[in-house]
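1. sequence below, structure please.
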Amino acid sequence: MLDVQASLKQLAADTSGMTDPFQSMYRIVFQLTIRMVGCDDIAEDPELLEKTLGLYETIEKSATPTAIMFPWFPSPAIVKRTLAGGRLYMILKRIVEERKRTGRKRDDPLQYLIDQGDSMAKIIQVRLLLLL
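-> The predicted model follows:
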């Protein structure tokens with residue numbers, strides 16, 4: 001609820017007094033989703049949250065008819081999806097390595113996967129399946 005409250009306060013502080021509810025509510029829902037199935041590190045960092053949202057949107061948009069019919073063909077959509085997946089991998093890898101290095105634990109789904117000893121590949125697979 002704190003995420004929603006903080007987001008609504010930010011919207012109320014906007015001097016224009018206007019917002020696109022399809023964008024602002026979409027971002028709140030994405031933040032809540034990341035907190036529920038992702039990790040708190042991303043949900044609590046507005047810049048990282050926005051960057052992660054952009055990467056997931058790129059991956060989602062890559063499901064073009066050509067990419068589905070010819071998954072081996074390096075179409076622009078497939079290349080963009082691969083690059084976005086690599087960037088997402090690097091973000092999560094940095095978070096996982098930081099947690100392991102410092103010994104800091106969070107009460108979130110990512111920490112559960114880390115505690116289970118899952119590999120980065122499995123962590124990424126779980127994230128993509130849950131969020132797409």
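2. please, which helix or strand holds the spatially closest residue to Asp118 that is not a sequence neighbour?
-> Beyond its immediate neighbours in the sequence, the residue positioned closest to Asp118 (CB to CB, 6 or more residues apart in numbering) is Val126, lying 7.7 Å away. C-beta coordinates here come from the backbone N, C-alpha and C atoms, glycine included. Element membership of Val126 [criterion: DSSP states H and E] is helix 120-131.
3. now do that helix: which elements does it pack against?
-> Applying 3 or more CB pairs under 8 Å, 6 or more residues apart in numbering; DSSP states H and E, one finds that helix 120-131 makes contact with helix 21-37, helix 76-102, helix 109-115.
4. could you give the angle of that helix to helix 21-37?
-> For helix 120-131 and helix 21-37, the angle between their directions (axes from the mean of the first three to the mean of the last three CA atoms, to 10 degrees) works out to 140 degrees.
5. Lys100: how many residues sit nearby?
-> Neighbour count of Lys100, defined by other CB atoms under 10 Å: 10.
6. distance of the residue nearest the centre of the chain relative to Arg27?
-> With distances taken as CA atoms, centre = their mean, the residue of the chain nearest its centroid is Thr52 (4.1 Å). Distance, Thr52 to Arg27, by CB to CB, to the nearest Å: 11 Å.
7. can you check Gln125 too?
-> Gln125 sits 25 Å away from Arg27, going by CB to CB.
8. ok, now which ones touch Ile42?
-> For Ile42, the contacting residues are Ile34, Leu48, Leu49, Thr52, Ile91, Ile95, taking CB atoms under 8 Å, 6 or more residues apart in numbering as the criterion.
9. need the pLDDT of the second one.
-> Leu48 carries a pLDDT value of 95.
10. just to revisit the earlier point, and Gln125 and Arg27? Which one has more around it.
-> It is Arg27, of Gln125 and Arg27, that has more neighbours when counted by other CB under 10 Å, with 16 against 12.
11. how far away is that one from Gln116?
-> With the distance defined as CB to CB, Arg27 ends up 30 Å from Gln116.
12. quick one: low-confidence ranges for this structure?
-> Under the criterion pLDDT under 70, the flagged ranges of the chain are 1, 8, 11, 128, 130-132.
13. which residues touch stretch 60-69?
-> When contacts are taken as CB under 8 Å, 6+ apart, the neighbours of stretch 60-69 outside the stretch itself are Phe73, Ser75, Ala77, Ile78, Lys80, Arg81, Ala84, Leu132.
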